[in-house]
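Q: Provided below are the primary sequence and the corresponding predicted coordinates.
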Amino acid sequence: MIARWSTAVLDTDLPGGWAVARGPEGFLYDDNGALFPRHWLKSQDLPVLAEHGIGHLDGEPVYLLELSGRADVQGCGWKGLRAFMLESDHTLYKVLGYAAQIGTWAREHRFCGSCGKPTVQVPLERAMYCQGCDLRAYPRISPSMIVLITRGDEILLARSPRFVTGVYSTLAGFAEPGESAEDCLVREVREEVSIEVRNIQYVGSQCWPFPHSMMLGFHAEYASGEILPQEDEIEDAQWFNVHALPPLPASRSIARYLIDLYVARRLGHAEPVLPG
Ligand SMILES: NC(=O)c1ccc[n+]([C@@H]2O[C@H](COP(=O)([O-])OP(=O)(O)OC[C@H]3O[C@@H](n4cnc5c(N)ncnc54)[C@H](O)[C@@H]3O)[C@@H](O)[C@H]2O)c1
Ligand SMILES: [Mg+2]
Ligand SMILES: [Zn+2]
């Protein structure tokens with residue numbers, strides 16, 4: 001199957017195509033979705049901070065209008081990326097997730113991190129450039145480990161105080177400089193629940209544009225120790241039997257995939273597919 005959406009760096013001087021607009025409250029949308037004819041969107045009175053050509057959807061160019069503040073457009077509303085992840089079709093979510101990452105990164109790199117002078121977008125390359133010190137800044141991606149720990153029919157799930165009430169998920173954490181993926185996983189598990197794991201197996205990865213994580217998903221077996229939840233970060237952590245699971249994360253998350261995959265294998269059911 002040919003992918004409907006592919007990223008590209010497009011020339012913003014060319015006319016035509018679709019555009020999305022992103023402001024402080026998320027993306028502009030109406031009954032037809034979040035993609036608008038670009039010439040129409042640019043004719044609205046929007047406070048455009050920057051325009052980025054971001055890719056092709058069904059062969060048509062797509063642009064992002066990154067706004068500097070909020071705006072009213074008659075007949076339209078604003079909606080955050082998480083709501084699009086939960087409600088919209090997967091392709092639209094991928095377009096908006098990429099747009100959000102490019103918009104955030106370009107906004108946060110308008111000035112050189114070394115000398116403080118204004119940067120410029122490099123034509124036809126996804127980079128912000130400082131002429132003063134010949135420095136290029138590329139989109140930021142933050143590798144994060146996420147792991148399902150199991151002990152036979154039991155899986156370890158935890159709650160952060162930030163989660164929706166009642167929901168339990170797998171453990172996750174950002175890689176630090178100097179660590180391998182496995183080092184990070186072992187450290188995060190120790191920090192968050194104070195146990196040791198063994199037989200670490202890589203399962204798959206997922207882009208997580210909140211705001212720029214790259215989730216690397218693993219399975220690990222329990223080795224030793226008693227659960228001791230990390231103060232402030234982990235509200236509760238428990239072993240749950242695969243037949244008695246609590247409310248779980250959204251179905252498009254890799255956290256949910258890791259859980260569903262293990263349960264399916266344990267119970268001999270059909271395996272789920274990891275949403276990209
Ligand atoms: N897709 C999924 O299924 C899924 C599930 C769980 C977590 N996540 C994501 O994984 C990421 C990591 O999870 P977490 O929040 O438990 O991380 P964590 O356990 O490392 O704790 C968060 C802390 O890390 C620090 N931090 C924030 N941004 C950082 C960065 N870019 N690099 C290094 N440290 C940083 C901050 O001190 C923050 O309070 C988050 O983006 C989270 O949204 C995704
Ligand atoms: Mg964590
Ligand atoms: Zn500079």
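A: In hand now; what should we look at? Ligands and ions are numbered 1, 2, ... in the order given.

Q: Give the next helix or strand downstream of the host helix or strand of W105.
A: Element membership for W105 (DSSP states H and E) is helix 90-107. Heading C-terminal from helix 90-107, the first helix or strand you meet, by DSSP H and E, is strand 120-121.

Q: wait, does that next one contact ligand 3?
A: No: using C-beta under 5 Å from the ion, strand 120-121 never reaches ligand 3; the gap is at least 11.2 Å. (C-beta placed from N, C-alpha, C; glycine too.)

Q: So which elements touch that strand?
A: The helices and strands touching strand 120-121, judged by 3 or more C-beta pairs under 8 Å, 6 or more residues apart in numbering; DSSP states H and E, are strand 128-130.

Q: Adjacent strands (with direction) for the strand it packs on?
A: strand 120-121 (antiparallel), strand 135-137 (antiparallel) (DSSP bridges).

Q: Of all those, which one is nearest ligand 1?
A: strand 135-137 (15.3 Å; C-beta to the nearest ligand atom).

Q: before we move on, back to that, is ligand 1 within reach of the helix holding W105?
A: No: for helix 90-107, no contact with ligand 1 is found by C-beta under 6 Å from any ligand atom; the gap never falls below 11.3 Å.

Q: Reformat the strands paired with strand 128-130 as CSV; add mean neighbour count.
A: Shown next, in CSV, are those (neighbours: other C-beta atoms under 10 Å):
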stretch, mean neighbour count
strand 120-121, 15
strand 135-137, 16
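
Q: how close does R265 get to A100?
A: 34 Å (C-beta to C-beta, to the nearest Å).

Q: more neighbours, these two?
A: Taking other C-beta atoms under 10 Å, R265 and A100 do not tie; A100 has more neighbours (23 against 12).

Q: where's that one relative to A250, distance?
A: A100 is 17 Å from A250, where distance means C-beta to C-beta.

Q: Compute the distance between the residue nearest to V120 when sequence neighbours are not counted and ligand 1, please.
A: Once flanking residues are discounted, V120 sits nearest to Y129: 5.5 Å by C-beta to C-beta, 6 or more residues apart in numbering. To ligand 1, Y129 is 23 Å away according to C-beta to the nearest ligand atom, to the nearest Å.

Q: I figured Y129 was touching P123, is that so?
A: No: Y129 lies out of contact with P123 (C-beta atoms under 8 Å); the separation is 9.7 Å.

Q: in the stretch 51-200 of the chain, what residue is nearest ligand 2?
A: Going by C-beta to the ion, ligand 2 is nearest to G173 of the stretch 51-200 of the chain, at 4.2 Å.

Q: Quick check: that residue is in a strand.
A: Yes: using DSSP: H, G, I helix; E, B strand; the rest coil, the assignment for G173 is a strand.

Q: Let me know the secondary structure of the nearest residue to it once chain neighbours are set aside.
A: In this structure, G173 finds its nearest non-sequential neighbour in E188, 3.5 Å apart by C-beta to C-beta, 6+ apart. Three-state assignment for E188 (three-state DSSP): helix.

Q: Quick check: E188 touching A175?
A: No: look at E188 against A175 with C-beta under 8 Å: they stay out of range, at 9.1 Å.

Q: Which one of these two is surrounded by more residues?
A: Legend: neighbour count by other C-beta under 10 Å for E188 and A175, higher for E188 (23 against 19).

Q: Pull the contacting residues for the more buried one.
A: M145, V147, L171, A172, G173 (C-beta atoms under 8 Å, 6 or more residues apart in numbering).

Q: Mind checking which of Y129 and P123 has more residues around it?
A: Y129 (18 against 11).

Q: State the distance from that one to A137.
A: Y129 sits 8 Å away from A137 when distances are taken as C-beta to C-beta.

Q: if I look at those two, which residues touch both of them?
A: Common contacts of Y129 and A137 (C-beta under 8 Å, 6+ apart): T119.

Q: got the residues of the protein near ligand 1?
A: Residues of the chain lying near ligand 1 (C-beta under 6 Å from any ligand atom): 142, 144, 146, 169, 172-174, 188, 206, 208, 210, 213, 215, 249, 253-255.

Q: Surely H212 and Y138 touch.
A: No: under the criterion of C-beta under 8 Å, H212 makes no contact with Y138, lying 11.5 Å away.
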